[in-house]
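Peer 1: My questions concern the predicted model and sequence given below.
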Amino acid sequence: MSSSTLTVTSPLLPDLDDFNELLQDIWSRKWITNQGHYHELLEQALCEYLKVPFLSLFTNGTIPLITALQALDIKGEVITTPFSFVATTHSIWWNGIKPVFVDIDPANCGIDPDRIEEAITPKTTAVMPVHCYGKPCDTQRIQAIADRYGLKVIYDAAHAFGVEVNGKSILNEGDLSTLSFHATKVYNTVEGGALVCHSKEMKQKIDYLRNFGFEDEVTVVGPGINGKMDEMRAAYGLLNLRQVDDAIETRHQIALQYRKAFRGVPGIRFFDDMPGVRHNYSYFPIFVDAEQYGMTRDDLYAKLREHQILGRRYFYPLISRFSPYNSLSSASTEHLPVATRIADEVICLPIHHALSQKDVERVINVIISRNN
Ligand SMILES: *Cc1c(COP(=O)(O)O)cnc(C)c1O
């Protein structure tokens, strides 16, 4: 049996000859960053692919989170989830805003709408939920609460590239949505990201903020940052866009195999597809009930490693466990029972476009054979 190391994901790489050709063109244009030719083409192509009206490219998926809070002039307190990548809360902190953690719903691992209202104070100005694993949040209920209290909603949609509900992009929900195109995501531009908005005026504002706040050569409209994407990565991104549908379909087939193998295994829970949702299969989390399964999550994680399978405990530890957040009152374990339990149960299994049939079976065998 092969003992090559299996990782949770593998970067989707464009064809090297195609990329070389575009690099030649960039060299001949002598325009390598600042809204170049390929940058503009990629913004347009992504708007079409993702079915969104306006999108601004960024150099990674964290700067658009920080910029979104700036663009909406968010202050005071922002309600968010502890069950995410640490960048979600860091973006709030970097804006001098207090994050307020709310527990999650086990049905989708997103923020629990039933817990939002009790966390609202006179200082609350926004909610920042995450479509965790690309599973859509309950956007309707979140929006209803936001409307009732006059709050903005910024979705961290880093996992939700291409996710649609009833044929509509999830990225059109809320006031703004952010994406990450990091190498480990379903779609990548090496490093990269985007901010999706609903109006031309907002895109203009975001584009100023992305470029130091410059409106023109002599006018700075606000405390902008450098969040620009360069031509090399935009060209690379255009090429990857051609093959992302195939990559998602391969992930889908692997998800079907995992589900078939694990259904009926006591103590292993996983997600099925949600009705009406186009999923992107960006992650395949399983949740281990130690008592029923006969092994703890961490023992299974170690056993997978012995078999050269590198599962990832997304998301463990919870963001609320990290400094500087662990001293906040909303960070206490008693306040976050569901997130705390799920953080102790979860392992994300390898799922990506380049995973072979043999490797999928290797992962399945380790999980279903509990006694070796
Ligand atoms: C990857 C990720 C980010 C950060 O994106 P980068 O491109 O790595 O800066 C933010 N939020 C979530 C939920 C992520 O998974």
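Peer 2: Nice, thanks for sending it over. Remember, it's a predicted structure, so these values are computed and weren't measured experimentally. Residues are numbered from 1 along each chain as shown.

Peer 1: was I right about residue 197 contacting residue 207?
Peer 2: No. Contact criterion CB atoms under 8 Å: residue 197 and residue 207 do not qualify, at 10.2 Å. (C-beta placed from N, C-alpha, C; glycine too.)

Peer 1: Give me the more crowded residue out of the two.
Peer 2: residue 197 (24 against 21; other CB atoms under 10 Å).

Peer 1: what about the nearest residue to the more buried one once chain neighbours are set aside, distance to residue 33?
Peer 2: Using CB to CB, 6 or more residues apart in numbering and skipping residues adjacent in sequence, the residue nearest residue 197 is residue 54, 5.0 Å away. Plainly put, residue 54 is 21 Å away from residue 33 if you go by CB to CB, to the nearest Å.

Peer 1: More neighbours: which of these two?
Peer 2: Per other CB under 10 Å, whichever of residue 54 and residue 33 has more neighbours is residue 54, with 18 against 14.

Peer 1: Break this protein down into its structural domains.
Peer 2: Taking automatic domain parsing as the domain assignment, the ranges for the chain are 19-239, 244-368.

Peer 1: what's the most buried one of the ones you listed?
Peer 2: Mean neighbour count (mean count of other CB atoms under 10 Å) peaks for domain 19-239 among these, with a mean of 20.

Peer 1: and it, anywhere near the ligand?
Peer 2: Yes. For domain 19-239, a contact with the ligand is found by CB under 6 Å from any ligand atom, at 60-62, 84-85, 87-88, 130, 156, 158-159, 180, 182, 193.

Peer 1: can I get the residues you listed in a markdown table with pLDDT and secondary structure?
Peer 2: Listed next are the residues of domain 19-239 next to the ligand as a markdown table, based on pLDDT from 0 to 100; DSSP: H, G, I helix; E, B strand; the rest coil:
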| residue | pLDDT | secondary structure |
| --- | --- | --- |
| 60 | 98 | coil |
| 61 | 98 | coil |
| 62 | 98 | coil |
| 84 | 98 | coil |
| 85 | 98 | coil |
| 87 | 98 | helix |
| 88 | 98 | helix |
| 130 | 98 | strand |
| 156 | 98 | strand |
| 158 | 98 | coil |
| 159 | 98 | coil |
| 180 | 98 | strand |
| 182 | 98 | coil |
| 193 | 98 | strand |
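
Peer 1: Of those, which is the nearest to residue 362?
Peer 2: Nearest to residue 362, judged by CB to CB, of the residues of domain 19-239 next to the ligand is residue 159 at 25.1 Å.

Peer 1: just to revisit the earlier point, now the domains of the chain as JSON lines including distance to residue 13?
Peer 2: Formatted as JSON lines, these follow (distance: least, CB to CB, whole Å):
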{"stretch": "domain 19-239", "distance to residue 13": "9"}
{"stretch": "domain 244-368", "distance to residue 13": "9"}
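
Peer 1: joint contacts of residue 197 and residue 207?
Peer 2: Common contacts of residue 197 and residue 207 (CB atoms under 8 Å, 6 or more residues apart in numbering): residue 56.

Peer 1: Look up the closest residue to residue 297, ignoring the ones flanking it.
Peer 2: Per CB to CB, 6+ apart, closest to residue 297 is residue 288, 4.3 Å.

Peer 1: check contacts around that neighbour.
Peer 2: 267-268, 295-297, 300, 345-347.

Peer 1: next one: residue 69
Peer 2: Shown in contact with residue 69 (CB under 8 Å, 6+ apart): 78, 91-92, 95, 97, 126, 154.

Peer 1: Give me the contacts around stretch 36-43.
Peer 2: 22, 26, 29, 31, 33, 55-57, 189, 229-231, 234-235, 237-238, 241.

Peer 1: how about 10 Å then?
Peer 2: Identification of contacts with stretch 36-43 by CB atoms under 10 Å, 6 or more residues apart in numbering yields 22, 25-26, 29-33, 35, 45, 54-57, 181, 189, 192, 194, 203, 207, 228-238, 240-241.

Peer 1: Just the strands from the stretch 151-300 of the chain, written as ranges.
Peer 2: 152-156, 164-165, 168-169, 176-180, 193-197, 214-216, 219-220, 268-270, 277-278, 284-288 (DSSP state E, counting those that start in this stretch).

Peer 1: now the angle between strand 193-197 and the fourth one, please.
Peer 2: Pointing back at strand 176-180 there. Inter-element angle recorded for strand 176-180 and strand 193-197: 160 degrees (by axes from the mean of the first three to the mean of the last three CA atoms, to 10 degrees).
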